[in-house]
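Student: The sequence isn't on hand, but the structure is:
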């Protein structure tokens, strides 16, 4: 094996590592779900629901904020310029 | 008796150069594909000799010109990789055909490995572009300008199964499976009725029921008959009706359920006639109804919703797998299929985190609500597109995954291994290992053959007509005892 190929291989390895660290943890993730247990007849019921509602809203806000940070700024122009040739 | 559902997918990716509206897609694709370097990368041809894209499964040959690039073009446009995949330029799109696998879990792993490879080559290609030009790649099927490109699935079938039976039993399944396979799309195309959001990227583009062409007047069921295997024994069902999926859960269900239904067709286990009056109309009707309640007109005069139709297939699948032990992956697929249909019956949005179209719709609706936008806003169109962006730090599917909002089936370690290692249980193993070991001596490759050029001797083509031969178990010893390609050829002759 000559040195160029070893370099190429470790370069490719580094590239894979970068991509995966950017993509986050390797653990299998469960989706975040807001649905609570409901049906409790105690006095705290409505409070719990309100808290759940607030959590859900914060959760949604967090998602929207994250998306906002990465969403293409010139959306209108970008979408207009995205043209493909027909494929199979 | 149903045969092993060896399968593979071919994904055409969208490509654009930001900052260069006049870019040439074909040369960009060539740049991209060549930017991916593997150790063995020599000058290897894709062996078009045996290809026959004009053969129709209904039993005839269509007259026409078969396109075969010249040698230089061939080498520039075609890469066969050490993991057994084919990475190439198809018309004006980069395309990744994953190696043959025996089960849907491996299918997910290898289709995802394709995404990694596309992203790695994108980065390399970008380094060669003059700033501010930036190459971007999308795993989707539509540009909102009336152009569509495909994400195809391939399934090995027993040739003795009549094509007519396949068409009859598969048509209603293909029209409706989008409820758990669709990638979602903002707006409508191809002169379809306007809609805010629909389930499938591709549905609007289907204009016929059964046909050979893949690029115009697209058919729900494609009759291409190129088995790339022993054609006395095998059929390769070439499926063009699906969307490009990012969610692992969705890819898993898509190929898992489809391969099961195909086995059932082979075993004559589809007892009901579920034929639709007008499948081409129905596929759009299903897509344009994200509530999944629309009642479709059946041939027998009744009406059934897409969920009810899928439930009918599920019932038959439960009966089919009731006796005897079922493969654990198949059992898992059935369980998830059942769960998906239950959710769809109540409220499709319960499948957030699992199915691409629901995840996309949920994400867009959250964004719209917070920012007071409507379905016609440019940002909403941008969200639709950016969901499919392959950059791990910008792609919105990857963002959802990073935030724990996407249920996974496999893990990153498995995917990264598959970038350089072929499956061990199909002929992809032999192909990949030959490339890794004897790359310099490989002259040409196709799915069912590999040719060596050894020391000025005539080219030796080794045929691989059996998808399940050439596995690690079959050839490991042979490869180990053949230090060079010349040894391999000699040992194969012995």
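Tutor: Sure thing, it's come through. Predicted, not measured: the structure shown is a model, and the values here were computed from it.
Student: Kindly state the beta-bridge partners for the residue nearest to residue B:395 when sequence neighbours are not counted.
Tutor: Leaving aside its chain neighbours, residue B:395 sits nearest to residue B:389 (3.9 Å; criterion: Cβ to Cβ, 6 or more residues apart in numbering or on different chains). Bear in mind the C-beta positions are built from the backbone N, C-alpha and C, glycine included. Per DSSP bridges, residues listed as beta-bridge partners of residue B:389: residue B:138.
Student: Could you report the neighbour count for residue B:269?
Tutor: 16 (other Cβ atoms under 10 Å in any protein chain shown).
Student: next one: the one 3 residues further on
Tutor: Residue B:272 has 13 neighbouring residues, counting by other Cβ under 10 Å.
Student: and if you look at residue B:339?
Tutor: Neighbours around residue B:339, by other Cβ under 10 Å: 15.
Student: Please read off the pLDDT at residue 10 from the model.
Tutor: No chain was given, so I picked chain A. In this model, residue A:10 is scored at 44, pLDDT.
Student: oops, I was thinking of chain B
Tutor: Looking at residue B:10, the pLDDT reads 98.
Student: Next, give phi and psi for residue B:479.
Tutor: Torsion angles at residue B:479 (phi, psi; degrees, to the nearest 10) stand at phi -70, psi -40.
Student: Can you list the low-confidence ranges for chain A?
Tutor: Flagging of chain A using pLDDT under 70 yields the residue ranges A:1-43.
Student: So which elements touch the longest helix along it?
Tutor: Identified as the longest helix of chain A according to DSSP state H is helix A:45-70. If you count contacts as 3 or more Cβ pairs under 8 Å, 6 or more residues apart in numbering or on different chains; DSSP states H and E, helix A:45-70 packs onto helix B:356-371, helix B:396-402.
Student: What strand or helix carries residue B:255?
Tutor: Per DSSP states H and E: residue B:255 is located in helix B:248-266.
Student: Next, the buried residues of stretch A:72-82.
Tutor: For stretch A:72-82, a neighbour-count test (16 or more other Cβ atoms under 10 Å in any protein chain shown) marks A:72, A:75, A:78, A:79, A:81, A:82 as buried.
Student: before we move on, back to that, what is the very next helix or strand once past the helix holding residue B:255 packed up against?
Tutor: Per DSSP H and E, helix B:248-266 leads on to helix B:279-287 as the next helix or strand towards the C-terminus. Where contact means 3+ Cβ pairs under 8 Å, 6+ apart, helix B:279-287 is packed against helix B:163-176, helix B:178-181, strand B:206-211, strand B:218-222, strand B:295-297.
Student: what do you get if the cut-off is 6 Å, keeping everything else the same?
Tutor: If you count contacts as 3 or more Cβ pairs under 6 Å, 6 or more residues apart in numbering or on different chains; DSSP states H and E, helix B:279-287 packs onto helix B:163-176, strand B:206-211.
Student: Now do that helix against helix B:356-371, angle only.
Tutor: Helix B:279-287 runs at 40 degrees relative to helix B:356-371, counting by axes from the mean of the first three to the mean of the last three Cα atoms, to 10 degrees.
Student: Helix B:279-287: which residues count as buried?
Tutor: B:279, B:280, B:282, B:283, B:284, B:285, B:286, B:287.
Student: what is the orientation angle of it with strand B:206-211?
Tutor: Angle, helix B:279-287 to strand B:206-211, by the same axes, to 10 degrees: 130 degrees.
Student: from the middle of its chain, how far away would helix B:279-287 be?
Tutor: Helix B:279-287 sits 21 Å away from the centroid of its parent chain (Cα atoms, centre = their mean, to the nearest Å).
Student: Residue 57: neighbouring residues, count only.
Tutor: Picked chain A for this. Neighbour number of residue A:57 under other Cβ under 10 Å is 12.
Student: think we crossed wires, I meant chain B
Tutor: Applying other Cβ under 10 Å, we find 22 residues neighbouring residue B:57.
Student: Now for it: which residues touch it?
Tutor: For residue B:57, the contact set (Cβ atoms under 6 Å, 6 or more residues apart in numbering or on different chains) comprises B:163, B:223, B:225.
Student: repeat for residue B:299
Tutor: Residues near residue B:299 by Cβ under 6 Å, 6+ apart: B:275, B:277.
Student: Quick check: the residue in the stretch 251-400 of chain B positioned nearest to chain A vs residue B:97, distance?
Tutor: Per Cβ to the nearest Cβ, residue B:353 is where the stretch 251-400 of chain B lies closest to chain A, at 2.7 Å. In this view, residue B:353 and residue B:97 are 29 Å apart by Cβ to Cβ, to the nearest Å.
Student: Identify the residue nearest the residue in the stretch 101-250 of chain B positioned nearest to chain A in space, chain neighbours excluded?
Tutor: Nearest to chain A in the stretch 101-250 of chain B, going by Cβ to the nearest Cβ, is residue B:149, at a distance of 3.0 Å. In this structure, residue B:149 finds its nearest non-sequential neighbour in residue A:87, 3.0 Å apart by Cβ to Cβ, 6+ apart.
Student: Surely that neighbour touches residue B:93?
Tutor: Yes. Using Cβ atoms under 6 Å, residue A:87 makes contact with residue B:93 at a distance of 4.7 Å.
Student: more crowded one of those two?
Tutor: Neighbours per residue (other Cβ under 10 Å) separate residue A:87 from residue B:93, with residue B:93 holding more: 23 against 20.
Student: Find the nearest non-adjacent residue to the more buried one, please.
Tutor: Per Cβ to Cβ, 6+ apart, closest to residue B:93 is residue B:12, 4.1 Å.
Student: Most tightly packed of the helices and strands packed on helix A:45-70?
Tutor: helix B:396-402 (a mean of 24; mean count of other Cβ atoms under 10 Å in any protein chain shown).
Student: Show me what secondary structure element comes after that helix.
Tutor: helix B:412-418.
Student: So is the helix or strand immediately after that next one in the chain next to chain A?
Tutor: Sequence-wise, the next helix or strand downstream of helix B:412-418 (DSSP H and E) is helix B:428-438. No. Shown here: helix B:428-438 not in contact with chain A (Cβ under 6 Å from any Cβ of the partner chain), separated by at least 11.3 Å.
Student: What mean pLDDT does helix B:428-438 get?
Tutor: Mean predicted lDDT for helix B:428-438 stands at 97.
Student: Any idea how far that helix is from the middle of the chain?
Tutor: 22 Å.
Student: What are the buried residues along that helix?
Tutor: B:428, B:429, B:430, B:431, B:432, B:433, B:434, B:435, B:436, B:437, B:438.
Student: Now for residue A:44, how many residues are close by?
Tutor: Residues contacting residue A:44 under the criterion other Cβ under 10 Å number 9.
Student: Next up, the contacts around residue B:211.
Tutor: Contacts of residue B:211 by Cβ under 6 Å, 6+ apart are residue B:219.
Student: beta partners for it?
Tutor: Here residue B:211, judged by DSSP bridges, has bridge partners residue B:222.
Student: From residue B:316, how far out is it?
Tutor: Separation of residue B:211 from residue B:316 (Cβ to Cβ): 27 Å.
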